[in-house]
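Q: one predicted model, sequence on top.
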Amino acid sequence: MRIDVVLAADAVAPGQLDGATALVVDVLRASTTMITAFAHGCASITPVADPAEARRLAAAQGADVALAAGERRGEPVPGLDLGNSPVEFAIERVRGRAVYFTTSNGTRALLAAREARAVGVAAFVNVSAAARWAAGHGLDVVVVCAGERGGRSLEDHACAGLLVERVRAAAPTVAPTPAALAALAVGRRYAGDVTRLRSDSPWARRLVAAGRGADVTACLRLDTTSLVPVYLPSVDKVVPGCG
């Protein structure tokens, strides 16, 4: 059993996830938003490629059954019911509803992970539970970071490092790859205070400057839930999973 880290969705190599458990990480904000949605009773989340598809699929089911949500470059998309915000999703409106969700990076990472044997959604808010869930499968683990526009995202890299540390604690014989060890080093720099990423992360600073500081605060919290959403590629849905 080994653990590996991929820094961006576009960097997943062909066959890399075959027979593995994947943990998809987009701390700011898609992973945290999805976890929050399920904590407030959301029925399912379907990752889609673009806002038009999200609107079409949600409209076909009706407003009492489904919502369309997402963002582009961090901003809400006109015509969608919700953006990509854990604060927005912490509402009764999502209870019992399906959500069709499109984001710049996070939903792309989910789709990139679909070849894995099992796919969980991880962030700081469920980092310990997600690590236990992944280790419990007894398979190789690959942490798939959403990244930022094809490149590294500091907050995702740090979260991946904490996942590596916790998977190793749950499965001491797991062998980390060089990429996993590099993530572990980053994660350890923030393990004592993940809120430092509010100033250290370029994307966090941009969100705060855009008036989305409450989202950043919600995302930079450790282990506030044991909920681990699971992506089921066979039906193309994320469901509540365990917790």
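A: Structure received. Remember, it's a predicted structure, so these values are computed and weren't measured experimentally.

Q: which stretches in this protein count as helices?
A: 30-39, 51-61, 86-89, 106-112, 127-136, 154-170, 178-190, 197-200, 202-209, 213-219 (DSSP state H).

Q: format the ones you listed as CSV; extra columns: mean neighbour count.
A: To be clear about C-beta, it is placed using only N, CA and C from the backbone, and glycine gets the same treatment. As requested, the helices of the chain are exported to CSV (neighbours: other C-beta atoms under 10 Å):
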stretch, mean neighbour count
helix 30-39, 29
helix 51-61, 17
helix 86-89, 24
helix 106-112, 25
helix 127-136, 24
helix 154-170, 25
helix 178-190, 18
helix 197-200, 16
helix 202-209, 17
helix 213-219, 21
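
Q: would you turn these into a markdown table with mean pLDDT and distance to residue 7?
A: What follows is these, written out as a markdown table (pLDDT from 0 to 100; distance: least, C-beta to C-beta, whole Å):
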| stretch | mean pLDDT | distance to residue 7 |
| --- | --- | --- |
| helix 30-39 | 96 | 15 |
| helix 51-61 | 94 | 26 |
| helix 86-89 | 93 | 23 |
| helix 106-112 | 89 | 11 |
| helix 127-136 | 98 | 17 |
| helix 154-170 | 98 | 7 |
| helix 178-190 | 98 | 8 |
| helix 197-200 | 98 | 16 |
| helix 202-209 | 96 | 14 |
| helix 213-219 | 97 | 18 |
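
Q: residue contacts, the residue nearest the centre of the chain?
A: For the chain, the residue sitting closest to the mean C-alpha position, by C-alpha atoms, centre = their mean, is residue 31 at 2.6 Å. Listed by C-beta atoms under 8 Å, 6 or more residues apart in numbering, the contact set of residue 31 reads 24-25, 106, 121-123, 146.

Q: I'd like to know which of the helices of the chain lies nearest to residue 78.
A: helix 51-61 (8.5 Å; C-beta to C-beta).

Q: other SSEs contacting the closest one?
A: Counting contacts by 3 or more C-beta pairs under 8 Å, 6 or more residues apart in numbering; DSSP states H and E, helix 51-61 packs against strand 66-72, strand 98-102.

Q: may I have stretch 167-179 as CSV, with CA atoms only?
A: What follows is stretch 167-179, C-alpha atoms only, in CSV (Å, rounded to 0.1, in the frame of the first residue of the first chain):
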residue,chain,number,x,y,z
VAL,A,167,-3.3,8.1,6.5
ARG,A,168,0.2,7.0,7.7
ALA,A,169,-1.1,7.1,11.3
ALA,A,170,-4.0,4.9,10.4
ALA,A,171,-2.0,2.5,8.2
PRO,A,172,1.6,2.6,9.5
THR,A,173,2.9,0.3,6.7
VAL,A,174,1.8,2.7,3.9
ALA,A,175,4.7,3.8,1.7
PRO,A,176,4.7,7.5,0.8
THR,A,177,5.9,8.6,-2.7
PRO,A,178,8.3,11.5,-3.0
ALA,A,179,5.3,13.7,-3.9
